[in-house]
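Novice: here is the input, now give the coordinates:
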Amino acid sequence: MDARNLLSLSGVLLILGGAGYYWGLGQSSQPLEEDGTQLPDYEVAGVESWQTGEKGELLKQIQGATAVHYRGSEDRTVVQQPVMTLYKDGAASWRLSAQEAVGTDQNREVHLGHAVHAERVAVAALPIQMDMDTLEVHTQAQTMDTTDEVTVHSGNQSQLTSRGLDADMKADTLNLHSEVRGTYVATHP
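Specialist: Residues are numbered from 1 along each chain as shown. Just a heads-up that it's a prediction; the model follows:
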């Protein structure tokens with residue numbers, strides 16, 4: 001092999017090696033497990049987080065046993081045994097708990113799953129407790145919804161069940177979707 005062919009071959013290999021190195025840097029540096037799932041970039045035990053608005057007002061607080069964050073296109077955080085408190089005008093309005101929460105879009109969208117319990121804790125409002133299997137919380141819009149069967153308790157007087165609901169925390173409205181059944185026990189003075 002003459003020197004010109006050797007130099008040309010070396011140049012081609014150098015360009016291919018550089019392109020491969022450059023292309024490799026553009027890929028996610030997150031390692032994958034053998035089953036193809038992405039490994040977390042950090043894990044925290046005993047997590048407690050607060051989110052405030054532009055004026056410093058408290059919007060939400062989340063506590064949990066552990067939080068595991070996965071970087072990438074989803075940018076998701078998984079919290080075990082979460083307790084989330086949502087605030088309206090600086091005061092606690094709802095307290096939500098579940099076995100697991102998955103937050104996406106910088107935790108603007110939170111999916112609560114497995115034994116979800118929601119309780120309205122606003123001081124001047126009628127106490128309401130709700131139980132369901134899953135609940136989607138949209139923290140920016142201050143809304144929540146589910147398509148699951150929901151049981152709603154209002155004090156000791158009433159119990160409603162429904163297939164699905166949506167709630168607007170700003171407007172203090174709760175809409176039951178379908179198959180609504182209820183029991184109301186009147187109390188006499």
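Novice: how about residue 50: what's its closest non-neighbour residue?
Specialist: residue 61 (5.1 Å; CB to CB, 6 or more residues apart in numbering). C-betas here are computed from N, CA, C, even on glycine.
Novice: please apply the same query to residue 109.
Specialist: Using CB to CB, 6+ apart, the closest residue to residue 109 is residue 138 (6.0 Å).
Novice: can I assume that neighbour is in contact with residue 168?
Specialist: No - at 10.0 Å, residue 138 and residue 168 do not qualify as touching, with contact defined as CB atoms under 8 Å.
Novice: near residue 66, how many other residues are there?
Specialist: Residue 66: 14 surrounding residues under other CB atoms under 10 Å.
Novice: counting by contacts, list what the host helix or strand of it packs against.
Specialist: Per DSSP states H and E: residue 66 is located in strand 58-70. Applying 3 or more CB pairs under 8 Å, 6 or more residues apart in numbering; DSSP states H and E, we find strand 58-70 packed against strand 42-52, strand 76-80, strand 83-88.
Novice: show me what contacts the residue nearest to residue 50?
Specialist: 48-51, 84-85, 87 (CB atoms under 8 Å, 6 or more residues apart in numbering).
Novice: what do you get for residue 111?
Specialist: 101-104, 134-137.
Novice: state the distance from it to residue 141.
Specialist: 15 Å (CB to CB, to the nearest Å).
Novice: same question for residue 122.
Specialist: Distance of residue 122 to residue 141, computed by CB to CB: 18 Å.
Novice: more neighbours: which of these two?
Specialist: Shown here are residue 122 and residue 141; by other CB under 10 Å, residue 122 has more neighbours (18 against 12).
Novice: what subset of the contacts of residue 61 is buried?
Specialist: 49, 84-85, 87 (16 or more other CB atoms under 10 Å).
Novice: residues in a beta bridge with the residue most central in space within the chain, which ones?
Specialist: Closest to where the C-alpha atoms of the chain average out (CA atoms, centre = their mean) is residue 110, at 2.0 Å. Beta bridges link residue 110 to residue 103, residue 137, judged by DSSP bridges.
Novice: parallel or antiparallel, list what pairs with the helix or strand hosting residue 175.
Specialist: Using DSSP H and E, the element containing residue 175 is strand 173-184. Partner strands for strand 173-184, per DSSP bridges, with pairing direction: strand 158-168 (antiparallel).
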